[in-house]
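S.K.: Sequence plus the predicted model coming up.
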There are 6 protein chains.
Amino acid sequence: MRIQLLNPNTCAAMTEQMTLVARDVALSDTQIIASTAQHGPVSIESARDEAIAGAALLDEIQWAKEQGVDAHIIACFGDPSLSAAREVADAPVIGIAQAAFHFASLISYRFAVVTTMRRTIATAQELLSRYGFSQQCSGVYASDIPVLALEDLSSHYQQLLFSDCQKAIDDGAEAIVLGCAGMATLCQSLQDKFQIPVIDGVVCAVKLAESLNALQLKAAKRGQYAAAYPKLFTGRYQHWCDR
Amino acid sequence: MRIQLLNPNTCAAMTEQMTLVARDVALSDTQIIASTAQHGPVSIESARDEAIAGAALLDEIQWAKEQGVDAHIIACFGDPSLSAAREVADAPVIGIAQAAFHFASLISYRFAVVTTMRRTIATAQELLSRYGFSQQCSGVYASDIPVLALEDLSSHYQQLLFSDCQKAIDDGAEAIVLGCAGMATLCQSLQDKFQIPVIDGVVCAVKLAESLNALQLKAAKRGQYAAAYPKLFTGRYQHWCDR
Amino acid sequence: MRIQLLNPNTCAAMTEQMTLVARDVALSDTQIIASTAQHGPVSIESARDEAIAGAALLDEIQWAKEQGVDAHIIACFGDPSLSAAREVADAPVIGIAQAAFHFASLISYRFAVVTTMRRTIATAQELLSRYGFSQQCSGVYASDIPVLALEDLSSHYQQLLFSDCQKAIDDGAEAIVLGCAGMATLCQSLQDKFQIPVIDGVVCAVKLAESLNALQLKAAKRGQYAAAYPKLFTGRYQHWCDR
Amino acid sequence: MRIQLLNPNTCAAMTEQMTLVARDVALSDTQIIASTAQHGPVSIESARDEAIAGAALLDEIQWAKEQGVDAHIIACFGDPSLSAAREVADAPVIGIAQAAFHFASLISYRFAVVTTMRRTIATAQELLSRYGFSQQCSGVYASDIPVLALEDLSSHYQQLLFSDCQKAIDDGAEAIVLGCAGMATLCQSLQDKFQIPVIDGVVCAVKLAESLNALQLKAAKRGQYAAAYPKLFTGRYQHWCDR
Amino acid sequence: MRIQLLNPNTCAAMTEQMTLVARDVALSDTQIIASTAQHGPVSIESARDEAIAGAALLDEIQWAKEQGVDAHIIACFGDPSLSAAREVADAPVIGIAQAAFHFASLISYRFAVVTTMRRTIATAQELLSRYGFSQQCSGVYASDIPVLALEDLSSHYQQLLFSDCQKAIDDGAEAIVLGCAGMATLCQSLQDKFQIPVIDGVVCAVKLAESLNALQLKAAKRGQYAAAYPKLFTGRYQHWCDR
Amino acid sequence: MRIQLLNPNTCAAMTEQMTLVARDVALSDTQIIASTAQHGPVSIESARDEAIAGAALLDEIQWAKEQGVDAHIIACFGDPSLSAAREVADAPVIGIAQAAFHFASLISYRFAVVTTMRRTIATAQELLSRYGFSQQCSGVYASDIPVLALEDLSSHYQQLLFSDCQKAIDDGAEAIVLGCAGMATLCQSLQDKFQIPVIDGVVCAVKLAESLNALQLKAAKRGQYAAAYPKLFTGRYQHWCDR
């Protein structure tokens, strides 16, 4: 099968890193097709960033749909524009936050989310609420670690991250969800250090996409995620007119 | 005071219509500054439309901020990109759905929302939930009336709309919120016909903006709506780099 | 227009103070008609006080209704007897807690309530829940400051109040709602000191009343707030028989 | 033990009827002390009635407290002024709605409430929500049967009542709570007719009061229900000053 | 009347102790019939224990049903297998947690639960949620006191218990529910020490059973608690085939 | 990897059928180890059945744990004794209802559950609530089809099932979850007939088990699912003493 791994920010280095992580867990006959947004912010850490990133994200979904991929993964922890992508796509679209929450709820009674910027705590809480996992989350933790700093984790930011993980465990977390696609490479070392399951959404999403494919479960395209009506788009989005 | 009335779709005719409605209720020293998105869909009726409209909406917010307006109104019933606009703006940003719900909850025990496309029912329900008005809403009704058809309301669509209003009242609604900025001109005739309060969000938002100004209540710019960090934007959004 | 500003306790000094505050923000053609309950407790700080104040509050609503006012404001933060007043009145009735919560939710993501007596914390939480603002409130704070002490704020009570505000901000509040009509005069100085929006319900209610009037939005008198049936009242309430 | 059975409306005939019902289930050493409000509406069917009845209700609670009763029952299905009564009283205060809901939830998975006036449906739903029984209630039914018509139940109103009970059962109710103190005498005949448990709050409250007494469980007078501070009351409530 | 007091663990000493407590509050014509599970764990402190105890618990319910008892009490704070017991029984079945919560909510605004093992905190919270009492509970406290240690309360465990009670009160509890059937004998001394109501579920359940009997309220056997269909049971449960 | 597929009822034919279904979707290096409860009901359709089945279910979990399996699947839609199994097991334990809900929520906005016995509707609703999927479920449907009748689906029961599916779709379901392990073989034909995704929990659980294994995600054994303390078990469960 072919899975689009879509990084909705414009940082190609992050796409590459995530692609390696994804390929590492994929089945041998799974092809990971990496996409990076062509326009927009270099990282998504606020509602402004998410709103600006929306159209370019859908451009990539549309492109991959035309390639006939079997599933799309939106590889940003806020699951930006997930509903819109599901309208545009024919194949299932999976957000990495949703994917991580699903696995966390399968293996623990209460899990924590440890993320980067304090501002994104509210975003994570809204996602937990929308997906129904609020009750199963023991807390969301963040210490203003910039997303791009994750690529070169200095000891200062590392200490902040360790401290958040420890606080989560002290508060009763039995597993930890990493709240940023850029944290995927830290997963194993945190698991080793804290001896509880640490969950990265990118690899979870890959396995869910493969599972849907194996089970021949298609995306529901009747109702809320039916294709939107064609209409007039103007200016820099006029290429959406004939879709 | 100066209020930006921002139509986030690209239909200038709808902007004009709303501007007339807004000016009609504005105080004599209130200046309504109309804005229309320069890029994007001609109407916003799906998650796809909302996602594509995001960046152009923020462009208009940014422009008005530079003009020093005292308040911004996002004049589309889904309150698209409201959080993002609040990050970008310094002045208060008001969504017309939120505004309409506020007034509806002041004058009735249970109100209904009557909107256009069935697909937007879920959007309205999510807004009601986010703002805390779910308990006070007796139902959301829609009969697949295209937004742009509202400008020239044929008897067919009119009958659908009348039928939804009647159903809402039969189900216990004591007031009706109109779920589309394009319905503003229908407000009075529906009120006359059904003899219950009918509420349009555009004019509600104007009065809330004027009220905030009179009370000298500024937008909270500490916490969730603080300005986002400057960062690199690429491609067609690179003008956001230096903001 | 004419707005009844109704103080449901019997402390005329508090009515006067609130009336000044209200007139200060009112439009030039708005007439504030002050009413003070003729019977009952000198302040409302418990469920007992609220229950005893009920009938006299409705007497004042009835009187103002007969004067033909365009809106009523119940100027006590617990919004006592709000539903009953809405049954009795023909014009809209606005509680100052509800009014303050509405404006707070427009300009912030999370607001706090800082009030007087610890016992009223539960009342405030029940109001937040009834109106749907629980999620948007970051906390309710009180330090047993007697309502009547607010008129002559000694440095001791002032310190308690400052301390509650600071605690609210430290806990994440982006704006503060003052939980007592008697706090209206402190609004500006707290805003100056803490540099976040501080919201008094009395002035909010005035602007909402004016807005409803400008929008010609009447109270819904069909359904839950329809006039109650005439019936026999005995004893000291027999004047209610012929209403 | 001595239980005050307090009818908060001024209809002495209803008090007498309820007292007979209460005595019928009371233990031999339980004394039922009937009280009728001295001032106020002859029946309580709206928020207006409830607000006006508040002070006279507390007068009766105060009187019984001075007599040293062991428990108070507020015998009106809306449980009016329950919190206020708990502040004033030293002994436990039980509302008949709460009492009925408790027993209904013990013997069924889902129960219905069948009451009198449509307007009181919302009151019943708010009580269910406040006490935590919303999930266990399959529906609230009413057909605008005046409370006082219950004393002389014509075949017209009887048919309405039967029809509501049947509808409740068809919707899945496994037991029925009667939503009015005046319905107590109908309990047995409805149970016989519909062959499911039919629950009247008055007798439930008597047994709960006796149970609390047998278990020597006192009312919590620390915290929310602590005695309110003495304060100045004026006008027709000045007798509350020295309490 | 005859009440089965069923201890679902196999510790006969605990049954005896509870039976004494129950008889102490029972009416003179109430017969307490004590039952102890014949198979299973000696105490129920985990989901494993509860699952293993299920079938033997139902055996005892079935036996008592054949004896024609008028009510069953499941005397373990987790209310294990309550729904199953209600299916099997013809008479009402009362869990002691549910019974205790009911009385706690009648006499206080906020109550705490103080229990034994930390692991059972989640169980208690799930019960509070299922029965609708979450809002009325100020907290659940536990300090890993083994159930069987309660019989011989050393000063160490006593200190842990005292400390939990004090913490609950400091956090705002107005009454305390004891979260273990084995704590019944501690009720009075804790009440004396802390001067707030302390509630044991066993005696509450006895009074509720007597109340249902006095009111002639039967268990609803239509709907969710109707008798399950007869079916084939194999192995050590084949005696259930012919029931 | 090795997955235990545990049928907690004693019907070996159903186990065989599910095993075929499971093997059909399993990866080539996945070994499905089928287990059937040795004691208990031949089908699980009520709380009684679930309670009696508990201990034998745990016996099978314990046996498979001793074999060193990598995951356990409880193949009964009520997810009976899931928490207990997680305490006993070292490897992850997956319930088929939970598994089906997860996949349904990934591919649709609103899904329905179509199950067998009306009595189990409440069970399904409680599971949806516990897992957090209530909001995403458009309804639970059942028409009293006996579980064992599924093996030989007569046209009568088939019509009932078809009718429930159609009703679910008319009510807005975008996907259907089959609410019984015995329905797995019907999945494809229903999907073909109704042209929307139809989801069987058994195969979903297999893919989730394989995914956890591929991601090396272990069960959280700290906190709520930690191993329960060893203790004395008597009678027919004394083999649990030394575990």
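M.R.: Happy to help now that I have it. Numbering: from 1, shown residues only, chains lettered A, B, ... in the order given.

S.K.: Buried by neighbour count: which residues of stretch A:115-133 qualify?
M.R.: A:115-125, A:127-133 (16 or more other Cβ atoms under 10 Å in any protein chain shown). (C-beta placed from N, C-alpha, C; glycine too.)

S.K.: Just the helices from chain A, written as ranges.
M.R.: A:12-25, A:47-67, A:82-88, A:96-107, A:120-131, A:155-170, A:187-194, A:201-214 (DSSP state H).

S.K.: and chain C, which of these is closest to it?
M.R.: Proximity to chain C (Cβ to the nearest Cβ) singles out helix A:120-131 among those, at 6.7 Å.

S.K.: who does the closest one touch, helix- and strand-wise?
M.R.: Applying 3 or more Cβ pairs under 8 Å, 6 or more residues apart in numbering or on different chains; DSSP states H and E, we find helix A:120-131 packed against helix A:96-107, strand A:111-115, strand A:137-142.

S.K.: can you pull the contacts of the most centrally placed residue in chain A?
M.R.: The residue lying closest to the centre of chain A (Cα atoms, centre = their mean) is A:I96, at 2.9 Å. By Cβ atoms under 8 Å, 6 or more residues apart in numbering or on different chains, A:I96 lies in contact with A:I73, A:I74, A:A75, A:C76, A:F77, A:D79, A:A181, A:D200, A:G201, A:V202, A:C204, A:A205.

S.K.: how much space is there between the closest residue to it other than its chain neighbours and chain E?
M.R.: Distances taken as Cβ to Cβ, 6 or more residues apart in numbering or on different chains place A:G201 nearest to A:I96, at 3.0 Å, with adjacent residues excluded. To chain E, A:G201 is 26 Å away according to Cβ to the nearest Cβ, to the nearest Å.

S.K.: Test my guess that A:G201 contacts A:F77.
M.R.: Yes - judged on Cβ atoms under 8 Å, A:G201 makes contact with A:F77 at a distance of 6.4 Å.

S.K.: ok so, going back, need the helices of chain A in TSV with mean pLDDT, can you?
M.R.: Shown next, in TSV, are these (pLDDT from 0 to 100):
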stretch	mean pLDDT
helix A:12-25	95
helix A:47-67	98
helix A:82-88	98
helix A:96-107	98
helix A:120-131	95
helix A:155-170	92
helix A:187-194	93
helix A:201-214	98
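
S.K.: Dump the ones you listed to a markdown table, plus distance to B:I169.
M.R.: Output for those, formatted as a markdown table (distance: least, Cβ to Cβ, whole Å):
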| stretch | distance to B:I169 |
| --- | --- |
| helix A:12-25 | 53 |
| helix A:47-67 | 37 |
| helix A:82-88 | 31 |
| helix A:96-107 | 39 |
| helix A:120-131 | 31 |
| helix A:155-170 | 50 |
| helix A:187-194 | 55 |
| helix A:201-214 | 44 |
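
S.K.: Which among the ones you listed is found nearest to D:E210?
M.R.: Smallest distance to D:E210 across the helices of chain A (Cβ to Cβ): 44.4 Å, for helix A:120-131.

S.K.: Closest one of the contacts of A:I96 to chain D?
M.R.: Among those, A:D79 lies closest to chain D (Cβ to the nearest Cβ), at 29.9 Å.

S.K.: ok, the closest one - contacts?
M.R.: A:D79 touches A:G95, A:I96, A:A97, A:Q98, A:L127, counting by Cβ under 8 Å, 6+ apart.

S.K.: Pull the contacting residues for the first one.
M.R.: The neighbourhood of A:G95, defined by Cβ under 8 Å, 6+ apart, consists of A:I73, A:I74, A:D79, A:L82, A:G201, A:A205.

S.K.: Name the nearest residue to the third one, sequence neighbours excluded.
M.R.: Spelled out, it's A:D79. A:G95 (3.0 Å).

S.K.: Got the domain ranges for chain A?
M.R.: As recorded under automatic domain parsing, the domains making up chain A are A:2-95+A:203-240, A:97-201.

S.K.: Dump the ones you listed into JSON lines; add distance to B:A89 as well.
M.R.: Converted to JSON lines, the domains of chain A look like this (distance: least, Cβ to Cβ, whole Å):
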{"stretch": "domain A:2-95+A:203-240", "distance to B:A89": "10"}
{"stretch": "domain A:97-201", "distance to B:A89": "16"}
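
S.K.: Nearest to E:V25 among those would be which one?
M.R.: The minimum distance between E:V25 and the domains of chain A falls on domain A:97-201, with 36.8 Å, by Cβ to Cβ.

S.K.: The closest one: end-to-end distance?
M.R.: Domain A:97-201 has an end-to-end distance of 6 Å (criterion: Cα to Cα, to the nearest Å).

S.K.: Near A:H39, how many residues? Count them for me, please.
M.R.: By other Cβ atoms under 10 Å in any protein chain shown, the residues close to A:H39 number 19.

S.K.: Let me know whether it touches B:T234 as I believe.
M.R.: Yes - proximity of A:H39 to B:T234 meets the contact threshold set by Cβ under 8 Å, at 6.3 Å.

S.K.: Mutual contacts of the two, please.
M.R.: A:T10.

S.K.: ok so, going back, would you mind putting the contacts of A:I96 into JSON lines with distance to A:D171 alongside?
M.R.: Output for those, formatted as JSON lines (distance: Cβ to Cβ, whole Å):
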{"residue": "A:I73", "distance to A:D171": "30"}
{"residue": "A:I74", "distance to A:D171": "29"}
{"residue": "A:A75", "distance to A:D171": "28"}
{"residue": "A:C76", "distance to A:D171": "26"}
{"residue": "A:F77", "distance to A:D171": "20"}
{"residue": "A:D79", "distance to A:D171": "24"}
{"residue": "A:A181", "distance to A:D171": "24"}
{"residue": "A:D200", "distance to A:D171": "21"}
{"residue": "A:G201", "distance to A:D171": "21"}
{"residue": "A:V202", "distance to A:D171": "26"}
{"residue": "A:C204", "distance to A:D171": "23"}
{"residue": "A:A205", "distance to A:D171": "27"}
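
S.K.: of those, closest to B:D171?
M.R.: Closest to B:D171, out of all of the contacts of A:I96 and judged by Cβ to Cβ, is A:D79, at 33.9 Å.
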